[in-house]
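Asks: Sequence and computational prediction follow.
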Amino acid sequence: MMAEYRQQDARPGPGTSRRRVVAAAAVAPLLAAVSTGARAQSAGTAKGRGRELVRPVPTVLSDWKGVADALGRTGDMKRNVMYHTGFARRDLAVLSHGVRVRPALALAAHMAFVRYADGGTMVMGDMVVTEAELQGFADVLHQRGIEQTALHKHLLAQRPDVWWMHIHAHGHDPVALARGLRAALDRTGTPPPARPTPSVRPRPLDLDTAGIDAALGVKGSIDDGIYKSLFVRRETVTDGDRVLPPGLGSTTAINWQPLGGGRAAVSGDCCLVAGEVQDVLAALRGAGAELVELHNHGLRDEPRLFFVHFWAVGDAVKLARGLRAAVAATDVRPVTED
């Protein structure tokens, strides 16, 4: 159609020179080729988007015993499909803006293993490393065939300097993947898991948690003295041809550390798509939060996800009311940690 249109334009009219007619006729085949190529490229893209996706399958804790043994710690199940292991950096005494950061606020790394219908296993997560540990940790990951997909910070004005490295790997031997992670972990000061304690009800926090819940529209949970408010993207998110379970790599998390008198230090991470970025940045600043990072966590996710890390200190309920605007600017739904 483009070539036909251009050829019609090339017909001589009053005052049209022969040179212009010849030039238009010469260009027409090139325009036709571009149009045909664009249609072919579009068709190829559509075909790629119609690829068959591989979905996760349910597993139980006992399915992951070999992984637990290789990592040297026991994890738990999330939503019946993710085997989750935490790596809190309890060995670090980190200060940010004069606040002593508790591990569960912004120093807790995580790894999640997921089994898929084709028998493969994917592991995704992030690790907290000091600046002195960073290069050696990265070297071992490369040697073990584990991808690094992001490197960034969650905190401002921190001492000592700590970094968060996101990792990704896929294979048919989950124990081998776990051994590779363990080899990298052994290059850091990440401590062994804390000793099990009797299951007791968490102590009440010096925070108006009911007020936070009401302001944000989600029921939070307590983790090692930190109050956590969680949301997950509504879309189906894929990584290559893998469907990611809800909450894996697509979570908005707002963590609250009590400071006394109803005040809190807040470390948050908003998950969003490109069209939501500017509204979220403006809403965070309007709520009195400081912006820390804007980046991606993955390499092949669809839709393409961005993450905004932020920091705030102040009256917890007032902050929650302000942060509600940032959450409302994204397509997420509230979840309760399980």
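Replies: Happy to help now that I have it.
Asks: Which stretches in the stretch 201-338 of the chain count as helices?
Replies: Counting by DSSP state H, counting those that start in this stretch, one finds helices in the stretch 201-338 of the chain at the ranges 209-216, 277-286, 316-328.
Asks: Out of these, flag the one nearest residue 304.
Replies: helix 277-286 (10.9 Å; C-beta to C-beta). Heads up, the C-betas are built off the backbone N, CA and C, glycines and all.
Asks: How far off centre is the closest one?
Replies: With C-alpha atoms, centre = their mean, to the nearest Å as the basis, helix 277-286 stands 18 Å off its chain's centre.
Asks: and the spatially most central residue of the chain, backbone torsions?
Replies: The centre of the chain sits closest to residue 249, judged by C-alpha atoms, centre = their mean, with a distance of 4.0 Å. Torsion angles at residue 249 (phi, psi; degrees, to the nearest 10) stand at phi 70, psi 10.
Asks: so who does it touch?
Replies: With contact taken as C-beta atoms under 8 Å, 6 or more residues apart in numbering, residue 249 is in contact with 124, 237, 239, 297, 298, 301, 305.
Asks: Quickly compare the helices of the stretch 201-338 of the chain and say which is most buried.
Replies: Scoring these by mean neighbour count under mean count of other C-beta atoms under 10 Å gives helix 316-328 as the most buried, with a mean of 21.
Asks: how about the strands in the stretch 151-300 of the chain?
Replies: 158-159, 162-171, 221-223, 226-233, 238-239, 242-243, 251-260, 263-272, 290-295 (DSSP state E, counting those that start in this stretch).
Asks: so can I have JSON lines of the ones you listed showing mean pLDDT?
Replies: Listed next are the strands of the stretch 151-300 of the chain as JSON lines, based on pLDDT from 0 to 100:
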{"stretch": "strand 158-159", "mean pLDDT": "90"}
{"stretch": "strand 162-171", "mean pLDDT": "96"}
{"stretch": "strand 221-223", "mean pLDDT": "93"}
{"stretch": "strand 226-233", "mean pLDDT": "97"}
{"stretch": "strand 238-239", "mean pLDDT": "96"}
{"stretch": "strand 242-243", "mean pLDDT": "97"}
{"stretch": "strand 251-260", "mean pLDDT": "97"}
{"stretch": "strand 263-272", "mean pLDDT": "98"}
{"stretch": "strand 290-295", "mean pLDDT": "97"}
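Asks: Need these in TSV (columns: distance to residue 101 and mean neighbour count).
Replies: Putting the strands of the stretch 151-300 of the chain into TSV (distance: least, C-beta to C-beta, whole Å; neighbours: other C-beta atoms under 10 Å) gives the following:
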stretch	distance to residue 101	mean neighbour count
strand 158-159	8	14
strand 162-171	9	20
strand 221-223	14	17
strand 226-233	10	22
strand 238-239	30	18
strand 242-243	33	20
strand 251-260	7	20
strand 263-272	8	24
strand 290-295	13	16
